[in-house]
Structure formats: structure tokens, C-alpha cells
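In: Sharing a sequence plus its predicted fold:
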Amino acid sequence: MATNARKRDLWLLALRQPSIWARAFKFGFTAGLLQAAVNQGDLWLRHAVGPAVIIKTIVSPLIGLTLVLLTSAATWVQKSVEEKYEQ
């Protein structure tokens, strides 16, 4: 099993990978935008927008991005650990 320091280094390395960020924006951010459109779109169309709606509209894509970013990085770290121990 990888040591804690090694796993931390792998996580930092994973978060520096452009492919991890690209996947997070491609899937997480767009899914979050879609979720915001579905959940708050009617309020925007009716011009019934208040501070809470604005915050929810901003936060929804960020939640999606964060979830996909972390799961993609976790997958990258796990694959790196497995590849090391297969050698």
C-alpha cells in the first residue's frame, strides 16, 4: 500500500494533470449548468430572481465541477498506485 506522503504527492500530481481538469470542465461543469438551467431556469424566465437564485445558479456548476474533478483525480491516483504495485 502506498504511504500517506506518496498518496498526497500523487493527489497533487493528479490535480496538475490537464486531462483531469478538462474532464471536470467537460462533464462536471456542463452537467452543473444543465442542472442550474433545469432547477432555476423557470425563475430566470419569469424574472423572479433574487439573491438565493443567483447563488444557486452559480454554485450548481461549481458543485458538478468539484465532484468530477475529485473523482477523476481519485481514479488517476488509484491507477497510479495499482500500476506501481503491478511492476
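Out: Cool, the structure landed.
In: just checking, next helix/strand downstream of the lowest-mean-pLDDT helix or strand in the chain?
Out: The weakest-scoring helix or strand in the chain, judged by mean pLDDT, DSSP states H and E, is helix 4-14 (a mean of 90). The C-terminal neighbour of helix 4-14 among helices and strands, as given by DSSP states H and E, is helix 18-23.
In: What is the distance between the least confident helix or strand of the chain and the centre of its chain?
Out: 18 Å (CA atoms, centre = their mean, to the nearest Å).
In: Pull out the buried positions in it.
Out: Within helix 4-14, the residues scored as buried using 16 or more other CB atoms under 10 Å are 10-11, 14. Where you see a C-beta, it was placed from the backbone N, CA and C, and this is true even at glycine.
In: Could you check how far the host helix or strand of Thr66 is from the centre of its chain?
Out: Thr66 belongs to helix 51-86 when elements are defined using DSSP H and E. How far helix 51-86 lies from its chain's middle: 3 Å, per CA atoms, centre = their mean.
In: Same question for that helix: list its buried residues.
Out: For helix 51-86, burial by neighbour count (16+ other CB under 10 Å) applies to 57, 60-61, 64-65, 68-70, 72-73, 76-77, 80.
In: Pick out whichever of the buried residues of helix 4-14 sits closest to Ala22.
Out: The closest of those to Ala22 turns out to be Ala14 (CB to CB; 13.0 Å).
In: I am finished for the moment; much appreciated.
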